[in-house]
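Enquirer: coordinates for the following, if possible.
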Amino acid sequence: MVWIFLSPEFPPNYHLFAWHFQRLGGIALGIGGTPYHEVPSHVHQSLTRYAGVGDLHHTEAVLAAARGFAQEFGKPNGVDSFNEYWLPLDAAVREALDILGPRPADLPSFQQKSHMKAYFQKAGIAPIPGQVAHSFADVENFIHQYGLPIIAKPDKGVGAGSTYKINYPEDIERFRQGFRPGYLLEKFITGTIQTFDGLTDWNGNILFAASLEYNRGIAEVVNEDTDIFYFVHREIPADLADAGRRVVAAYELKARFFHFEFIRTPEGQLYPLEVNMRPPGYPTLDMFNFAHDIDLYRAWAEMIHGHALPPFSPAPYYCCYIARKHHIGYSYTHEELLRHLGPYLVHHAPTNPLFRAAMGDYHYIIRTPDFSEMVALATFAQKRLTL
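Expert: Predicted structure coming up:
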């Protein structure tokens with residue numbers, strides 16, 4: 001079996017997909033923007049062959065490398081980057097080489113939030129009322145219909161960039177100054193973000209499922225430059241699991257990771273927010289591994305090779321990501337925090353600067369079977385200095 005891995009060197013943990021794929025007998029071919037001599041040795045060891053094209057934005061160079069691999073090793077069975085940013089490139093390579101999987105025509109349903117609402121309805125789940133604004137008159141009409149507050153966000157996009165919460169009339173005027181056609185307008189819903197994540201096999205069966213919960217919204221973290229913690233649930237709430245399974249069925253997902261975001265209101269109502277047809281961002285896949293004592297990189301590779309996987313057991317641990325930012329004055333130093341987290345700490349490291357707005361400058365990952373203990377440890381880590 002032959003598989004092309006785009007950007008195998010970044011994020012730094014994703015070379016493990018290729019490593020396991022190759023160890024199980026596959027031919028793992030990497031195409032990246034990093035020059036060959038700058039690729040870390042552990043990435044080279046994960047691959048049968050690597051082609052550095054200088055910049056993955058140069059689609060024709062990527063396609064030329066992929067065609068060269070196809071001539072040398074045979075037609076690839078698949079191509080993946082596991083990265084939202086490169087999904088269009090994944091699709092372009094599949095189209096050019098006639099490889100199974102999502103093609104460019106499929107991307108709007110994966111990447112445009114307005115298109116996702118139709119799939120939520122197909123799944124029998126009421127989406128948040130919303131519409132795409134083609135002119136500012138659409139904004140004014142939407143506010144007239146639903147009142148304030150509303151959320152305005154790019155219809156296509158990842159994260160909280162260029163997202164506006166419009167609470168008051170003066171916010172409307174500020175948004176008017178930055179408005180451009182294509183914003184998705186939605187009625188603002190107060191609640192907690194919960195996710196339904198997992199991996200499907202070649203027949204669309206869910207092999208693995210998990211759920212994350214955030215202590216505050218990503219938009220709030222980015223816009224207020226504050227910190228965040230989020231965690232893996234030991235058990236997925238039943239209504240969330242049911243809704244997530246129905247969205248998987250609506251999309252007919254096969255041999256793919258998925259990351260679906262929902263918001264739960266204080267009254268317990270679930271609303272779907274968006275879908276992402278890839279694993280959750282780094283290092284969340286590792287958090288699933290820590291929570292469940294499993295290896296999802298290997299599980300993906302075994303599924304791709306057609307191996308039967310035993311059912312995954314419920315998570316024995318809560319696993320929590322705790323972010324800190326350099327500009328925030330914390331009560332406890334890094335050294336004091338390491339001593340306090342002690343046996344609960346499974347990983348800590350500086351955060352890649354690309355992700356610092358949402359994910360902090362430094363992060364700590366802990367696990368414990370006790371929910372209250374997890375929250376207490378996260379609260380301790382993020383406690384502010386007081387005067």
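Enquirer: in this structure residue 261 contacts residue 195, no?
Expert: Yes. At 5.4 Å, residue 261 and residue 195 qualify as touching, with contact defined as C-beta atoms under 8 Å. For the C-beta atoms, the positions are set from N, CA and C on the backbone; glycine is no exception.
Enquirer: compare the two (neighbour count), which wins?
Expert: A direct count of neighbours by other C-beta atoms under 10 Å for residue 261 and residue 195 places residue 195 higher, at 25 against 19.
Enquirer: show me where the stretch 251-387 of the chain dips below the pLDDT cut-off.
Expert: Across the stretch 251-387 of the chain, residues meeting the criterion (pLDDT under 70) sit at 387.
Enquirer: which parts of it are helices?
Expert: For the stretch 251-387 of the chain, helices defined by DSSP state H, counting those that start in this stretch occupy the ranges 284-292, 296-304, 334-341, 356-359, 371-381.
Enquirer: buried residues, the first one. List them.
Expert: Buried positions in helix 284-292, judged by neighbour count with 16 or more other C-beta atoms under 10 Å: 284-292.
Enquirer: in CSV, list these along with distance to residue 102.
Expert: Formatted as CSV, those follow (distance: C-beta to C-beta, whole Å):
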residue, distance to residue 102
284, 21
285, 20
286, 25
287, 26
288, 23
289, 25
290, 29
291, 28
292, 27
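Enquirer: with distance to residue 39 added, can I get the helices of the stretch 251-387 of the chain in JSON lines?
Expert: Below are those laid out as JSON lines (distance: least, C-beta to C-beta, whole Å):
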{"stretch": "helix 284-292", "distance to residue 39": "21"}
{"stretch": "helix 296-304", "distance to residue 39": "18"}
{"stretch": "helix 334-341", "distance to residue 39": "31"}
{"stretch": "helix 356-359", "distance to residue 39": "24"}
{"stretch": "helix 371-381", "distance to residue 39": "34"}
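Enquirer: find the nearest non-adjacent residue to the most centrally placed residue in the chain, please.
Expert: When the chain is reduced to its mean C-alpha position, the closest residue under C-alpha atoms, centre = their mean turns out to be residue 280, at 2.7 Å. Using C-beta to C-beta, 6 or more residues apart in numbering and skipping the chain neighbours, the partner closest in space to residue 280 is residue 259 (4.4 Å).
Enquirer: so that neighbour is in contact with residue 197, correct?
Expert: Yes. Between residue 259 and residue 197 there is a contact under C-beta under 8 Å: 5.0 Å.
Enquirer: now for the two: what residues contact both?
Expert: Taking C-beta atoms under 8 Å, 6 or more residues apart in numbering as the contact rule, the neighbours common to residue 259 and residue 197 are 279-280.
Enquirer: where along the stretch 101-250 of the chain do the helices fall?
Expert: With helices called from DSSP H, counting those that start in this stretch, the stretch 101-250 of the chain shows them at 107-111, 113-122, 136-146, 169-178, 218-224, 238-251.
Enquirer: need those in CSV with distance to residue 96 and mean neighbour count, can you?
Expert: Written out in CSV, the entries for the helices of the stretch 101-250 of the chain read as follows (distance: least, C-beta to C-beta, whole Å; neighbours: other C-beta atoms under 10 Å):
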stretch, distance to residue 96, mean neighbour count
helix 107-111, 15, 18
helix 113-122, 24, 18
helix 136-146, 37, 15
helix 169-178, 37, 12
helix 218-224, 34, 16
helix 238-251, 24, 18
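Enquirer: go through those and name the closest to residue 336.
Expert: Nearest to residue 336 among these is helix 218-224 (23.8 Å), distances taken as C-beta to C-beta.
Enquirer: counting by contacts, list what that closest one packs against.
Expert: Under the contact criterion of 3 or more C-beta pairs under 8 Å, 6 or more residues apart in numbering; DSSP states H and E, helix 218-224 touches helix 356-359.
Enquirer: extract the C-alpha set from the helix it packs on and format it as CSV.
Expert: The C-alpha atoms that make up helix 356-359 are tabulated as CSV, following Å, rounded to 0.1, in the frame of the first residue of the first chain:
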residue,chain,number,x,y,z
ARG,A,356,0.1,31.1,21.0
ALA,A,357,-3.0,33.4,20.6
ALA,A,358,-5.3,30.5,21.3
MET,A,359,-3.0,27.9,22.9
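Enquirer: what does that helix rub up against?
Expert: The set of residues that contact helix 356-359 without belonging to it, under C-beta under 8 Å, 6+ apart, is 159-160, 218, 221-222, 225, 228, 321, 323, 325, 351.
Enquirer: need these in TSV with distance to residue 123, can you?
Expert: Below are the contacts of helix 356-359 laid out as TSV (distance: C-beta to C-beta, whole Å):
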residue	distance to residue 123
159	24
160	25
218	24
221	29
222	29
225	36
228	29
321	29
323	32
325	37
351	34
